[in-house]
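**Q** dropping a prediction and its sequence here:
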Amino acid sequence: MMRIGLAGLGAAARMVLPIFATADGFELAAAADVRPEARDDFTATFGRPVFASIEDMCKGAKIDAVWIETPNQLHCEHALTAFAHGKHVICAKPLGISLDECERMIVAAQRAGVLLVQAHCRAIDPPVLAMRDVVASGALGRVIQTETSIHNDWLQRPRLAEELDENIGGGVLLRQLPHQVDIVRAIVGAKVTEVYGATGRWDSAFATEGNYLGLMKFEGGASASVAFNGYGWFDTTELTWGIDGLGRRNRVSKPAAARRAGPMPAAEKYAATAKPPASAQDGYAPIFGQTIVSCEFGSIRQSPTGLIIYSAKGRRRVAAPPNIGRRAELLALRRAIDSGEPAYPDGEWGRETLRVCLALRDSARTGKPVAP
Ligand SMILES: NC(=O)c1ccc[n+]([C@@H]2O[C@H](COP(=O)([O-])OP(=O)(O)OC[C@H]3O[C@@H](n4cnc5c(N)ncnc54)[C@H](O)[C@@H]3O)[C@@H](O)[C@H]2O)c1
């Protein structure tokens, strides 16, 4: 039995809490959050020890690993605390908010002899793994390009000012772009050599970026594009059978009649986001926007349960492995412990994804292509 301590009990943690009901060999052993109401809620629901800091949880709870779901700018600090207590870490994306932070996390894990796994990594979404495997098999020849695009209501959801503050690791380039970089890196399977990006700030209620486009070149000649619009007018889920990034059906967000006037105070945001998410386990694959892969002898896109492959053999459907949601991270940790191999996705994976995100940001600021 591996005992997990959950650090942070906000929106992302609510996708993690339900998995323990069906995660054989894993136990939700404790949690930590600075908000007393979040701690009270955890005690009432799970009856497990809960702490006001990660340090206290590491000292006071019997845990083997810390799963970090605190704000981006705290990932490094919280991971270093966990490593200092000899705990494995599963850490939400982005791994850190600078390459230096990622490096410190990777080195600290190595020194402590424990593992670091990146959580919420779309490189391990079953359809992305299936696309990766078709590309790697060479059945469609070499990969030429991958396009991934998502429009959603990210900026219209309840947000704290700090979540949007690009100076401390907030904003869409560190909150949404890592997902798309994870997708294209996994599928192409090569190092990104050049990034060109453009970003925009088109909602005057928010002093933050709400959209971006990026073009990436990879070693070996493939390229990829990423597109994101978070202003909440159109939802790409409409193009993906109503299935969202968690594999939930009927999730097309509608343009809000009343636009948000800006970020919210903490009490208001957490009251507005207190509901647990609907089940992500209803038989559909997670579909985070639209991803289309072009190869020399065919193309691939997602279906509700896997892939559709277009080639000289016609159009055929291939099932992806079942959607196990965030249990995937627990299995990644377990596999790495059992095999002695690095975890997939590990700290180095997370650092490389951040490197590409930062390069896109630099390119957008300077107007020039950037080598990450
Ligand atoms: N919201 C999502 O849908 C989503 C999805 C995937 C990944 N993530 C990632 O999850 C992380 C958290 O995002 P979120 O949306 O849950 O934010 P959130 O603000 O909803 O939750 C963060 C939680 O951390 C707690 N916290 C803050 N400082 C703390 C401290 N020092 N010690 C202990 N707890 C502390 C807060 O009280 C809050 O409960 C981010 O890294 C984000 O990129 C979020």
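**A** Yep, that arrived.
**Q** give me the domain ranges for the protein.
**A** The chain breaks down into these domains under automatic domain parsing: 2-114, 123-324+356-366.
**Q** quick one: end-to-end distance for the longest one.
**A** Meaning domain 123-324+356-366. End-to-end distance of domain 123-324+356-366 (Cα to Cα, to the nearest Å): 29 Å.
**Q** likewise for the shortest one?
**A** Using Cα to Cα, the end-to-end distance of domain 2-114 comes out at 14 Å.
**Q** quick one: that domain near the ligand?
**A** Yes - Domain 2-114 is in contact with the ligand by Cβ under 6 Å from any ligand atom, via 7-13, 32-35, 38, 53-54, 69-72, 74, 92-93. (Glycine included, C-beta is placed from N, CA and C.)
**Q** now these: which count as buried?
**A** Applying 16 or more other Cβ atoms under 10 Å to the residues of domain 2-114 next to the ligand, the neighbour count classes 7-13, 32-33, 38, 54, 69-72, 74, 92-93 as buried.
**Q** show me what residue of this protein gets nearest to the ligand.
**A** Gly10 (1.8 Å; Cβ to the nearest ligand atom).
**Q** isn't that residue up against Ala274?
**A** No - using Cβ atoms under 8 Å, Gly10 makes no contact with Ala274, being 9.8 Å away.
**Q** assumed Asn70 was part of a helix.
**A** No, residue 70 isn't Asn; it's Thr. No - Thr70 sits outside any helix when classified using DSSP: H, G, I helix; E, B strand; the rest coil, being coil.
**Q** make sure it is actually in contact with Leu9.
**A** No - assessed by Cβ under 8 Å, Thr70 is found out of contact with Leu9, at 9.4 Å.
**Q** now stretch 196-207, how far from the chain's geometric center?
**A** Mean C-alpha position of stretch 196-207 versus that of the full chain (Cα atoms, centre = their mean, to the nearest Å) differs by 21 Å.
**Q** same deal with stretch 301-311?
**A** 22 Å.
**Q** tell me how far the ends of it are from each other?
**A** End-to-end distance (Cα to Cα), stretch 301-311: 12 Å.
**Q** contacting residues around that stretch?
**A** Contacts with stretch 301-311, where a contact means Cβ atoms under 8 Å, 6 or more residues apart in numbering, come from 126-127, 130-131, 134, 139-140, 240-241, 243, 283-285, 287, 290-293, 297-300, 315-320.
**Q** which residues in the protein form strands?
**A** 2-7, 26-32, 50-51, 65-68, 88-92, 116-119, 143-151, 192-200, 211-218, 223-229, 290-295, 298-302, 306-311, 314-319 (DSSP state E).
**Q** tell me which of those strands sits most buried.
**A** Across the strands of the chain, the average number of neighbours (mean count of other Cβ atoms under 10 Å) peaks for strand 116-119, which reaches a mean of 29.
**Q** that one close to the ligand?
**A** No - judged by Cβ under 6 Å from any ligand atom, strand 116-119 stays clear of the ligand, getting no closer than 7.2 Å.
**Q** which outside residues touch that strand?
**A** With Cβ under 8 Å, 6+ apart, strand 116-119 has contacts from 16, 67-69, 79, 88-93, 95, 105-106, 109, 326, 329, 332-333, 336, 343, 345-347, 349-350, 353.
**Q** got CSV for the strands of the chain, with mean pLDDT too?
**A** Shown next, in CSV, are the strands of the chain (pLDDT from 0 to 100):
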stretch, mean pLDDT
strand 2-7, 98
strand 26-32, 98
strand 50-51, 98
strand 65-68, 98
strand 88-92, 98
strand 116-119, 98
strand 143-151, 98
strand 192-200, 98
strand 211-218, 98
strand 223-229, 98
strand 290-295, 98
strand 298-302, 98
strand 306-311, 98
strand 314-319, 97
